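>>> The following block contains a protein sequence and its predicted model.
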Amino acid sequence: MKGRTIAITIVVVLVVLVGGIFFVGAQKGKPITANTTEGKVAQIIKNNQCLSCHSTNPEGVWYENFPIISGIIETDRTNSLRYIDLEAVVKQLEAGEQVSQVDLAKIEQSMLNESMPKANYKFMHWGTGYNDEEKDIITEWVQTTRATHYSNGLAVAEFANDAVSPLPDSVPYDEAKAALGLKLYHDTRLSADNTVACATCHVLNTGGVDNLKFSEGIDGQFGGINAPTVYNASYNIQQFWNGRAADLQEQAAGPPLNPVEMGSTDFNQIIEKLQKDTGYVDEFAAIYGSEGITQNSITDAIAEFEKTLITPNSRFDQYLKGDTNALSADEIAGYELFKENNCATCHVGPSMGGQSFEYLGITADYYADRGTEISADDEGLFGFTNNESDKYKFKTPSLRNIELTAPYFHDGSQETLDAAVKAMFKYQLNKPSPNQGDVDKIVLFLKTLTGENEFMSYDSLANLIKP
């Protein structure tokens, strides 16, 4: 039986290799005929058979049902689609729609690292892979798209086309609404028993978090997911770990009605309490007119305040803006390692995160290693979309002020930055034993991302909140 298995394997490999030669002859050198850059990029992706794996409807290959090979293909397709859906990218390109910062960065990095196609795919298809012309077209498209649609113009030329960018020093906002939102953010009357405020879990002078694995709500109840920082949350494409809120205002409406967090039955219960406060009545009337105190005006004011919670002027921002002395040699080396190890494919933009939902455990089984029962909170984006392919995908967290916001991950399972970085190496990069020196440098770099906001330095916020 063993000899027969070996014989079958040899035959399969020979057949696939011979088929691969014909495959390459058919595919290699296909002309690029599209008229636009976007069309050319789409054509290159299709010509290189990227959609054989990076697609919800993968293009079949003639040998995919062969013994042994079928298992390899199934694994490759599963992991490839978890990383990036190039079918969706092609559709965006052909429709003239904007490709996300994250997809741009992932495609660019695969060119720089020459990591695609994978070695086993090349083994089956001799000579396949991007040629120099294709690489140049894709790289130029990425850089032009990033510069046109995503650059905020704050970085010096050397870093102008990096996937990350400096935070702006300020953003426009309505001062009156933000001042009201500050009060509401700290008002425990938004909770059923008048004990919990937004600021209870998202503490402004401790990095926008409470530094607990899970936060405590009313009646001593604990949630099942780690409280993310409120700082720089305005840059997120969606809110909450599973993206169930479209923006800050929709997010602000969630915790007050969550039975574990703040426990109010509805906003009418909250409004009734706030209407007894004549100061609030006057302030809402001055800002919102006849609308007065409503769910909309309450959440709008809180969201407006949260817009102000950006944290610019980190040492890393200073470095990107041209201050070559802002970082040490080891910190700069950490940034280079950060990019080389694909961290800057998901942690992009000014907030260095919040732009996509990524699968936790692409290269190793995170939950099996964790050893505890998988809960609904562990299912990520699936809890919002009910799409099976979204299970275990979470919004990539911002790395801004990351040294202040331990513990890490949606389940608060990583107590230190060192542990979090090593976990990323193992579960996302297939590097279970990273060089400790590299990890140390990346951690040093991450600590340069701590920025400034007036609320971060106050020992007490009471003097800022008028009764």
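Yes, it's here.
>>> Centre of the chain to stretch 227-240, how far?
For stretch 227-240, the separation from the chain centroid amounts to 10 Å (computed by C-alpha atoms, centre = their mean, to the nearest Å).
>>> Which positions within it qualify as buried?
227-240 (16 or more other C-beta atoms under 10 Å). For every residue, glycine as well, the C-beta is placed using N, CA and C.
>>> what does stretch 84-91 give?
I84, D85, L86, E87, A88, V89, V90.
>>> give the contact list for the second one.
To tie it back to what came earlier, the one meant is D85. Neighbour list for D85: H54, S55, T56 [criterion: C-beta atoms under 8 Å, 6 or more residues apart in numbering].
>>> Please list only the buried members of these.
If we count by 16+ other C-beta under 10 Å, the contacts of D85 have these buried: H54, S55.
>>> Looking at the contacts of D85, which one is closest to D378?
Within the contacts of D85, proximity to D378 (C-beta to C-beta) peaks at T56, which comes in at 22.9 Å.
>>> Y288 - how many residues pack around it?
19 (other C-beta atoms under 10 Å).
>>> That one sits in which helix or strand?
helix 278-288 (DSSP states H and E).
>>> Output the buried residues of stretch 84-91 in TSV, with secondary structure and distance to L444 appended to each entry.
Formatted as TSV, the buried residues of stretch 84-91 follow (DSSP: H, G, I helix; E, B strand; the rest coil; distance: C-beta to C-beta, whole Å):
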residue	secondary structure	distance to L444
I84	coil	29
D85	coil	34
L86	helix	35
E87	helix	39
A88	helix	36
V89	helix	34
V90	helix	39
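>>> Among these, which one lies nearest to G153?
Nearest to G153 among the buried residues of stretch 84-91, with distances taken as C-beta to C-beta, is V89, at 25.7 Å.
>>> Look up how far D377 lies from the closest one.
V89 sits 30 Å away from D377, taking C-beta to C-beta, to the nearest Å as the criterion.
>>> Then H202?
Counting by C-beta to C-beta, the gap from H202 to D377 is 18 Å.
>>> Between these two, which has more neighbouring residues?
H202 (23 against 16).
>>> Might one say that that one is in contact with L212?
No - contact status for H202 versus L212: not in contact, 11.5 Å apart, counting by C-beta atoms under 8 Å.
>>> where do the contact lists of those two overlap?
A227.
>>> Phi and psi next, for F240.
phi 70, psi 160 (degrees, to the nearest 10).
>>> what sits against it?
Contacts of F240 by C-beta under 8 Å, 6+ apart are P228, Q251, G254, F384, K395.
>>> Next, find the distance separating the first one from F409.
The gap separating P228 from F409 is 11 Å, by C-beta to C-beta.
>>> ditto for the second one
Computed with C-beta to C-beta, the distance linking Q251 and F409 is 20 Å.
>>> Likewise for the fourth one?
When distance is defined by C-beta to C-beta, F384 is 18 Å away from F409.
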